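Undergrad: sharing a model that was predicted from the sequence below.
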Amino acid sequence: MELHIIARFHARPGQESAVEAAIRAVSVPTRAEAGCLDYQAFRSTRDPALFFIHTRWQDEAALSSTPRCRTRCVSWRRSSH
């Protein structure tokens, strides 16, 4: 069964560009992951600090088995602080 993940990020004041850069930096490697069917990023038109990412995976095992999954999560946390 396909797995859809929708992530919401609200950048801290002054960190909007850093969050946008982090989203762009992981987009290509994420799309290249085995089992990743789609990756789309969005920025709110009403709140420039609000970002969303929608990813679609073959199944939960495909997401869990990706070696960069944990690295991406750590990268996000660092860039958002």
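TA: Looks like it arrived, so ask away. As the structure is a prediction and not an experimental result, all values here were calculated from the model.
Undergrad: show me what contacts the one residue sitting closest to the centre of the chain?
TA: The centroid of the chain falls nearest to residue 53 when counting by CA atoms, centre = their mean (5.1 Å). Counting by CB atoms under 8 Å, 6 or more residues apart in numbering, residue 53 touches 5, 6, 7, 9, 23, 39, 40, 41, 42. In short, each C-beta sits where N, CA and C put it, glycine included.
Undergrad: a markdown table for the residues you listed, including secondary structure and neighbour count?
TA: Listed next are the contacts of residue 53 as a markdown table, based on DSSP: H, G, I helix; E, B strand; the rest coil; neighbours: other CB atoms under 10 Å:
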| residue | secondary structure | neighbour count |
| --- | --- | --- |
| 5 | strand | 11 |
| 6 | strand | 10 |
| 7 | strand | 12 |
| 9 | strand | 19 |
| 23 | helix | 21 |
| 39 | strand | 20 |
| 40 | strand | 12 |
| 41 | strand | 17 |
| 42 | strand | 13 |
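Undergrad: in TSV: those, plus distance to residue 29.
TA: Below are these laid out as TSV (distance: CB to CB, whole Å):
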residue	distance to residue 29
5	16
6	19
7	16
9	18
23	12
39	10
40	15
41	13
42	19
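Undergrad: between these, which is closest to residue 59?
TA: residue 5 (12.1 Å; CB to CB).
Undergrad: three-state assignment of the closest residue to the closest one other than its chain neighbours?
TA: For residue 5, the nearest residue in space outside its immediate sequence neighbours is residue 55; the separation is 4.8 Å by CB to CB, 6 or more residues apart in numbering. With DSSP: H, G, I helix; E, B strand; the rest coil as the basis, residue 55 sits in strand.
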